[in-house]
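>>> Pasting the sequence and the predicted coordinates here, then a few questions.
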Amino acid sequence: MDTNEILDYCLAKKRVTETFPFDSETLVMKVGTKMFLLIPLEKQPLSINVKTDPEWSAELRERYPQITGAYHMNKTHWNSVLVDRLKKELILQLIDQSYDLVFQSLTKKIQNTILNS
């Protein structure tokens, strides 16, 4: 997958916004007011940071050398993923879970607003 495919996939989800809260290079994808994916646009090879269930994180890190604890993030909940040589299905699954985990952490009022938009 490339950057545009990842961004298009994220933006197709309900109420996703793009921001640059940290610098002009790190694009942050948010649902509601919370981030679910970070992508450093100038960094090669392509990588993303996603929120992941802690149990699945441990399994992923053991199985794939391209998946590690995310730099400057809570490494229990966030993974850095080198996209190169990973199956597209896995990357999409990681993005989906990150979005879902963050969506579930939003207040019911915000969730309902998103679902009904």
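Yep, it's here.
>>> going forward, measure contacts between C-alpha atoms and count neighbours the same way
Noted.
>>> count of neighbours near residue 14?
Neighbourhood size, residue 14 [other Cα atoms under 10 Å]: 14.
>>> How about it, nearest residue that isn't a chain neighbour?
residue 114 (6.6 Å; Cα to Cα, 6 or more residues apart in numbering).
>>> Can you give me the distance of that neighbour to residue 12?
Applying Cα to Cα, to the nearest Å, the value for residue 114 to residue 12 is 13 Å.
>>> higher neighbour count, these two?
Remark: of residue 114 and residue 12, residue 114 carries more neighbours, 15 against 9, as counted by other Cα under 10 Å.
>>> what pLDDT, on average, does the one helix or strand that one maps to get?
Assigned by DSSP states H and E, residue 114 belongs to helix 108-115. Regarding helix 108-115, the rounded mean pLDDT is 94.
>>> The longest helix seen in the chain vs helix 108-115, what angle?
Counting by DSSP state H, the longest helix found in the chain is helix 88-105. Between helix 88-105 and helix 108-115, the angle comes out at 140 degrees (axes from the mean of the first three to the mean of the last three Cα atoms, to 10 degrees).
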